[in-house]
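1. one predicted model, sequence on top.
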Amino acid sequence: MTTEPAAATLTEPHIPHAAVESSAQHGLQANPSEKPEPATKSAGHVIVDSLASHGVERTYVVPGESFLDVLDGLHASDIETIVCRHEGGAAYMAEADGKMNQRPGVAMVTRGPGAANAHVGLHTAWQDSTPMLLFVGLIPFAHRDREAFQEFDIKAWFDTGAKRVMVLDHAERASEIVAEAVFAAMSGRPGPVVVGLPEDIIRQQIDPALHPAIPVASGGMSSTDAIALRAALEESSRPLFVTGGNDWTQAAADQLTAWLERHQIPAAAEWRTQGTVSFDSPSYVGPIGYGRPRPTYDLLEETDLLVFVGTVPGDVITDGFVCRQDWSKKNFLVTVDPSLRGRSGPVSRQILAKPEAFVRDLTGISLPAKEEWKAWTARMRTEQQRFAALPPASPAPGRARMDTLMANLVPRLPEDAMVTFGAGEHTNWAHRYFPTRRYASMISARNGSMGYSVPSAIAASLAEPARRVVTIAGDGEFLMNGQELATAVQYGATPLVIVMDNQEYGTIRTHQERHYPSRVSGTQLKNPDFGLMARAFGGFGVTVTKDKDIPAALNAALAAIDEDGVFALIHLVVEQRVKAY
């Protein structure tokens, strides 16, 4: 686009390019409304600028005096600073953010106790393969190794649970280290990266030029990979795809679903990653993981060709390294991680590709759909539809039930609704009934970490404010990070929080009954009124003890979200030992 010379003279005289350069050299501004780039900036400010240049939209923070200069840089930044109430909550929010986006989630905490509290989110990111950056303020460089206040060895603490641990010991490398950290978190199998920030180093003035983003290789199917996969499919009578991981795009999910449906091939979802292949797809045959329905467990042994995309058959999928261990079985593993970390059982072929690159190449393989495939898929799809069929919506006499709540909630969910949850038997109602229709519509902690439900729901609501976000928490799990509801109110997050209160750590009680029957010990809880607690935080809260009151409570909760713009919490007091399946 060009500007007519005459038009330019209407607002200001034309200044030759050389004159502009000369004016800049003498400290004059060609445009008084634009401030010149400073000759130097503090390393802390450059870190913030670098995060913004990599597309980071928000950071989850518990402040500390050790990284004040970074906080100061965030003051004038377009990056939204979400101030959390506990470092564990901040780390969980960043981890959930990383699951939803094609970039790392970012948390910032202080040294010593702050870093220790954030470790739980780091472990979640490590086991769940989630891209995440944890910035940790450190003691001054000059105080190191003198047992200074809150000093700790950042590499000794985090080196076995992060992809990289870096310390900014040279201020001029601030932007470079951010670029390296983002690259490390995203490349290969995604995961967490820890960056230590000594408080005196980040205050030093440096050149503000930013390091460019480092491209991440996505791999792809080679011609020999494609030939091998085509041959395996042609020989197979019962193929099965399993999707998983956090490295997908919606376009890749849609393309894979279309390809599977065209060939009438089934797909199951790795534990707690439902939605990559839509809940409604005729190819979707259910979740595989702890507590899974028996038909999908049997699938792993029945199939004669297993294709994992974005994940590998690990401990949970193989039921503790028991299922699918025969090396005569055919397993194709599609992952860009050449080490196959976490893999269990046979490997017929590894295809080094991220899901998007693999699906791009997969769509070039076209095969006639076999009648055997059609019958195999239809059988498993029928089992899944039976498993996911909603219970009666009409309330029953007596104590409140999760079945009734789900039967009333699910029909009212929009197509793009998302669910989050942590760990416990309460999660099985989401596994069974929640209609996950797109990628990243189920955000959870696959490492079994409790306390994840509320923070992840807040992160999801902030990232996707137009979507209906539901979280299902257990009573034991809720109190681990329920204080983050204050964060929800402060920043306008509006999730629907369902607290299933069965007055116990239910999953542990189940194991206890199996190994130590009739000897209940260390699993029972006495809880407060969570509905009252929600109202104290500034949201909507209601406690429901009778099944007949569920529809009205749900109506009021959804109205509070949609009309009043606040989070809503339903405290559902249920009977013990009632399970989703």
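-> Alright, I've got the coordinates.
2. distance of the most centrally placed residue in the chain from Asp128?
-> Closest to where the C-alpha atoms of the chain average out (Cα atoms, centre = their mean) is Lys99, at 2.6 Å. Distance, Lys99 to Asp128, using Cβ to Cβ, to the nearest Å: 7 Å. From N, CA and C alone the C-beta is placed, and that goes for glycine too.
3. how about the helices in the stretch 351-500 of the chain?
-> According to DSSP state H, counting those that start in this stretch, the stretch 351-500 of the chain carries its helices in the segments 355-362, 371-388, 402-409, 428-433, 453-463, 475-481, 485-491.
4. and what of the stretch 1-150 of the chain?
-> Secondary structure of the stretch 1-150 of the chain by DSSP H, counting those that start in this stretch: the helices cover 5-8, 17-25, 43-53, 68-75, 87-100, 113-128.
5. ok, now the stretch 201-350 of the chain?
-> Going by DSSP H, counting those that start in this stretch, the stretch 201-350 of the chain shows helices at 223-235, 250-263, 294-302.
6. export those helices to JSON lines and tack on mean pLDDT, distance to Arg468 and mean neighbour count?
-> Shown next, in JSON lines, are these (pLDDT from 0 to 100; distance: least, Cβ to Cβ, whole Å; neighbours: other Cβ atoms under 10 Å):
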{"stretch": "helix 223-235", "mean pLDDT": "97", "distance to Arg468": "38", "mean neighbour count": "14"}
{"stretch": "helix 250-263", "mean pLDDT": "98", "distance to Arg468": "17", "mean neighbour count": "18"}
{"stretch": "helix 294-302", "mean pLDDT": "77", "distance to Arg468": "27", "mean neighbour count": "16"}
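7. these: which one's closest to Thr59?
-> helix 250-263 (24.2 Å; Cβ to Cβ).
8. tell me what that closest one is packed against?
-> strand 239-243, strand 267-270, helix 355-362 (3 or more Cβ pairs under 8 Å, 6 or more residues apart in numbering; DSSP states H and E).
9. columns distance to Ala174 on top of those, output as CSV?
-> Converted to CSV, the helices and strands packed on helix 250-263 look like this (distance: least, Cβ to Cβ, whole Å):
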stretch, distance to Ala174
strand 239-243, 38
strand 267-270, 37
helix 355-362, 31
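10. what is the burial count for the closest residue in space to Ile443 that isn't next to it in sequence?
-> Spatially, and ignoring its direct neighbours in sequence, Ile443 is nearest to Thr420 (4.4 Å; Cβ to Cβ, 6 or more residues apart in numbering). Neighbours of Thr420 under the rule other Cβ atoms under 10 Å: 31.
11. wait, isn't Thr420 in contact with Ala440?
-> No. Contact criterion Cβ atoms under 8 Å: Thr420 and Ala440 do not qualify, at 10.3 Å.
12. what about the closest residue to Lys329 other than its chain neighbours, distance to Val312?
-> The shortest distance from Lys329 to any non-neighbouring residue, by Cβ to Cβ, 6+ apart, is to Pro346 (5.0 Å). Counting by Cβ to Cβ, the gap from Pro346 to Val312 is 12 Å.
13. have a look at the two and say which one is more surrounded.
-> Val312 (26 against 16).
14. that one: what's it in contact with?
-> By Cβ atoms under 8 Å, 6 or more residues apart in numbering, Val312 lies in contact with Leu333, Thr335, Asp337, Leu340, Arg341, Gly342, Arg343, Ser344.
15. backbone phi and psi for Pro266, please?
-> Main-chain torsions, Pro266, degrees, to the nearest 10: phi -80, psi 160.
16. count of neighbours near it?
-> Neighbour count for Pro266, taken as other Cβ under 10 Å: 28.
17. let me know the pLDDT of it.
-> You'll see Pro266 listed with a pLDDT of 97.
18. now do it against Ala125, distance only.
-> Noted for Pro266: a distance of 30 Å to Ala125, by Cβ to Cβ.
19. ok, now Ala400?
-> Distance of Ala400 to Ala125, given as Cβ to Cβ: 35 Å.
20. which one of these two has more residues nearby?
-> Shown here are Ala400 and Ala125; by other Cβ under 10 Å, Ala125 has more neighbours (34 against 26).
21. residue contacts, the more buried one?
-> Glu95, Gly98, Pro131, Met132, Gly191, Pro192.
22. so what's the residue nearest to the second one when sequence neighbours are not counted bridging to?
-> What sits nearest to Gly98 in space, not counting adjacent residues and going by Cβ to Cβ, 6+ apart, is Gly105, at 3.5 Å. On DSSP bridges, the residues paired with Gly105 through beta bridges are Met132.
23. so who does Gly105 touch?
-> Contact analysis of Gly105 by Cβ under 8 Å, 6+ apart lists 60, 93-99, 130-133, 459.
24. count the neighbours of the closest residue to Pro414 other than its chain neighbours for me.
-> Distance criterion Cβ to Cβ, 6+ apart; nearest residue to Pro414, sequence neighbours excluded, is Arg468 at 5.4 Å. The number of residues packed near Arg468 is 21, by other Cβ under 10 Å.
25. can you pull the pLDDT of Arg468?
-> The score at Arg468 is 98. That number is its pLDDT.
26. give me the helix or strand of the protein that scores worst on average pLDDT.
-> The weakest-scoring helix or strand in the chain, judged by mean pLDDT, DSSP states H and E, is helix 5-8 (a mean of 33).
27. anything in contact with each of Lys99 and Asp128?
-> Jointly contacting Lys99 and Asp128 under the rule Cβ under 8 Å, 6+ apart are Asn246.
28. JSON lines for the contacts of Gly105, including distance to Glu356 and pLDDT?
-> Below are the contacts of Gly105 laid out as JSON lines (distance: Cβ to Cβ, whole Å; pLDDT from 0 to 100):
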{"residue": "Tyr60", "distance to Glu356": "27", "pLDDT": "98"}
{"residue": "Met93", "distance to Glu356": "25", "pLDDT": "98"}
{"residue": "Ala94", "distance to Glu356": "23", "pLDDT": "98"}
{"residue": "Glu95", "distance to Glu356": "21", "pLDDT": "98"}
{"residue": "Ala96", "distance to Glu356": "21", "pLDDT": "98"}
{"residue": "Asp97", "distance to Glu356": "20", "pLDDT": "98"}
{"residue": "Gly98", "distance to Glu356": "17", "pLDDT": "97"}
{"residue": "Lys99", "distance to Glu356": "16", "pLDDT": "96"}
{"residue": "Thr130", "distance to Glu356": "17", "pLDDT": "97"}
{"residue": "Pro131", "distance to Glu356": "15", "pLDDT": "98"}
{"residue": "Met132", "distance to Glu356": "20", "pLDDT": "98"}
{"residue": "Leu133", "distance to Glu356": "22", "pLDDT": "98"}
{"residue": "Ala459", "distance to Glu356": "23", "pLDDT": "98"}
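29. and those residues, which of them are buried?
-> 60, 93-99, 130-133, 459 (16 or more other Cβ atoms under 10 Å).
30. closest to Glu199 out of the residues you listed?
-> Nearest to Glu199 among the buried ones among the contacts of Gly105, counting by Cβ to Cβ, is Leu133 at 18.3 Å.
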